Every structure is written in structure tokens, then in C-alpha cells.
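Peer 1: Sequence first, predicted coordinates after that:
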Amino acid sequence: MYIKKILLAIALLGLVAMGGFAWYVYSTIFSPNTAFNNEQAHIYIPTDATYQDVVMELEPLLEDMGAFTTVAQKKGYANNIKPGHFIIKKGMNNNDIINTIRSKNIPIKVKFNNQERLENLAGNIAGQIEADSLSLLTAMKDSTFLKEAGQTDETALILYIPNTYEFYWNSSAETFRDRMKTEYNRFWNETRTQKAKKLNLTPAEVMSLAAIVQKETAKVEERPSVAGVYINRLERGMPLQADPTVIYAKKRAEKDFDQIIKRVLYKDLELDSPYNTYKYAGVPPGPIAMPDISSIEAVLNYEKHDYYYFVADTKRFGYHKFAKTLAQHNRNKAEYVRWLSQQGVNR
């Protein structure tokens, strides 16, 4: 009888121990283990990250890092880390968290607007995906890539059409660049290509002209009118005489793209640069900035009118006065120059 009681006690202790162990295992794996108050938290795990890198990313977000590590080791995650952008939700347990950061890489929205140079674009994108600005710039300027894309150093910027795109955060520089080339080719469909041909312009020339239109007016509704002036000039063989091209030529010649130029001086018009449309006829060899879609469409669907000149309207800020004759334009220009002087704008 005594032996039976001992065996029964041992059995009961075993059951309690097993129950305790089962509870420990269950709580370690399936109990909530988040420490943030928001509904979700974003996790960014770099390429070639170590488990310690993951720990540093997760530690501020979890209640019990030790419990997480135990489960991570049991599930083999610590030796099979996946890079990317992941979202963990409030109240998730360790099992759910590990399953999420192992297999649920969530795309992010990458967006950019009118960058002036590839250098600016690379810096902008580097702030949104894992690739750094140097690797992005190197990929964008790669001579083999540009040759295959049918572009040159001067026209490379046209491959990047401002918009919002979905990317995985851990996308490489080459992945970003190649995707942008695909988007460029998709943008230049048969309809747009035919419109460019009717203007006797290549897609690259359309975008270079669109960049000028972009710089000339911030008013989207005015862009077709401005584009119409330049198309009229091209058809007549007149130089474009666009001030933004002179500003770009000056910045390029002086290797200083940070300078701010609000007023073009007569001496600037003599700058010997293929981008100076006062000195050289036709469309510049490349874009002076990155045109957005509205500017490209403004060129392809330009307003048909008889205007050959325009100058800033001093009474309607942001808009322009258009003129059919040089005499009328000179009167409008004189008014604008007086206004600039009154404002103290000398450069």
C-alpha cells in the first residue's frame, strides 16, 4: 500500500511537471509578446543581417526577447534570416512574429518627383529602399545598361518618370534601375510614340522639351500653352530661347547645382553650351530636369495657337502673358523687367 502511494505521488508530480512544461512551451510560443501600443509596427531587416541585427530591431518592440529567441532557435529562424520590410501586429505571439518576418515581405510605396539630376534621384531613392545612393548612381550610369536602353549620359534621366511605384524595401540598385526602364518602355506605348513622330521628335526629345515646359510653369493647366509656343518655334526653325536652359547650362558649366538663379542676365545668354537654347537651335541634348507626366502630355497634346513668345505675368503670379509678335512681347517683357527691379531681384 505504501509503495502504491509513493508511485501515485510520483505519477502526480510527473503530471504536474509535464503540465507545467506544456504550459511553459505553450506560453513561450503562443502567448502575446508585443510591447508597442500602436496597432502595428514596421520592421526593416537588411540584406545579410545577422540574428543579432534582428534582435536589435525587435528588442524595443517585444516584451520578452528571451522567449522569442527560444522559439526562433527551435524554428530554425536564427540560421535562416530573410531581408525585407515586415509588419507585426499588436498582440502577436512569437510563432506569428517569426512566421511573419520569415515569409511576409511587404512591398513599400516608392515615389519621387522632379529631380534635376541622377545624383538627386539616387539620394531620394536611397532614403526609401535599402540600396545606398552610391550603388544607385553607379547602376544608373552604367554604360552597358545605358547602351542597352538606347540612352546616353545626357539622356539617362528620362528613364525615370515621376510617379509612385511598389518595390520591396530590400530591392537592389539594379532592380530599381531595371524596373524604371520597364516602366519607361511601358509609358512610351504606340499612341504616345506616334504623337511624338507627328511632332518630328523622338521620345527623348519630347521629354527634354517637357523638362523645359516643367521649369517654365508650375501651373499644370498652362503647360499645353507653353508647349505650343515651343512647338511653333521648332516648326518655324526659331531657337527655343528658354531661360531655364541657360540656368541649367550655367550650373553645369560651374559644377554648382546648388546655386539659386532667379534672373537670367544678358551675359549669361553668351554661355557656350549645347544646353543654351539662345545660342543653339533645336531641343537640348538631354533634359534639364526630370519632367513629370503632365509636362510630357502637355508636349504630346500641345495647344495649337499663334503665340511665339511668353513672359511671366506680374499680375497673375505663376502665370504668363503670351504674345504673337516680338513687339508685343517686348512690351510685356519690359513690364516684367521693371517688376523684377522693383523687387530687388538682380540675380
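Peer 2: Good, I have the coordinates.
Peer 1: Tell me which residue is most central in this structure.
Peer 2: Nearest to the mean C-alpha position of the chain, counting by CA atoms, centre = their mean, stands residue 112 at 2.9 Å.
Peer 1: Not counting residues beside it along the chain, what's closest to that one?
Peer 2: Using CB to CB, 6 or more residues apart in numbering and skipping residues adjacent in sequence, the residue nearest residue 112 is residue 124, 5.1 Å away. Where you see a C-beta, it was placed from the backbone N, CA and C, and this is true even at glycine.
Peer 1: ok now the helix or strand harbouring that neighbour, how far from the chain's centre?
Peer 2: Residue 124 belongs to helix 118-126 when assigned by DSSP states H and E. From the chain centre to the centre of helix 118-126 is a distance of 8 Å (CA atoms, centre = their mean, to the nearest Å).
Peer 1: quick one: buried residues of that helix?
Peer 2: Neighbour counts over helix 118-126 (16 or more other CB atoms under 10 Å) mark 118, 120-126 as buried.
Peer 1: same question, stretch 184-193
Peer 2: The neighbour-count check on stretch 184-193 (16+ other CB under 10 Å) flags 184, 188, 192 as buried.
Peer 1: In the stretch 201-347 of the chain, where is pLDDT below threshold?
Peer 2: 346-347 (pLDDT under 70).
Peer 1: the helices in it, which residues?
Peer 2: For the stretch 201-347 of the chain, applying DSSP state H, counting those that start in this stretch gives helices covering 203-216, 223-236, 243-254, 293-300, 326-343.
Peer 1: Provide the contact partners of the fourth one at residue level.
Peer 2: Counting by CB atoms under 8 Å, 6 or more residues apart in numbering, helix 293-300 makes contact with 161-163, 187, 192, 195-196, 199, 201, 206-207, 209-211, 213-214, 220, 223-224, 226-227, 230-231, all of which sit outside it.
Peer 1: Next, the buried residues of it.
Peer 2: 295-300.
Peer 1: ok, residue 214 - contacts?
Peer 2: Contacts of residue 214 by CB under 8 Å, 6+ apart are 114, 223, 289, 291-292, 295.
Peer 1: Show the buried residues in these.
Peer 2: 223, 289, 291-292, 295.
Peer 1: ok, so of these, who is nearest residue 74?
Peer 2: Using CB to CB, residue 292 comes nearest to residue 74 of these, at 51.4 Å.
Peer 1: With adjacent residues omitted, what lies nearest to that closest one?
Peer 2: In space, residue 292 is closest to residue 162, 4.5 Å off (CB to CB, 6+ apart).
Peer 1: Could you tell me how far that neighbour is located from residue 34?
Peer 2: 37 Å (CB to CB, to the nearest Å).
Peer 1: Mind checking which of these two has more residues around it?
Peer 2: Shown here are residue 162 and residue 34; by other CB atoms under 10 Å, residue 34 has more neighbours (21 against 18).
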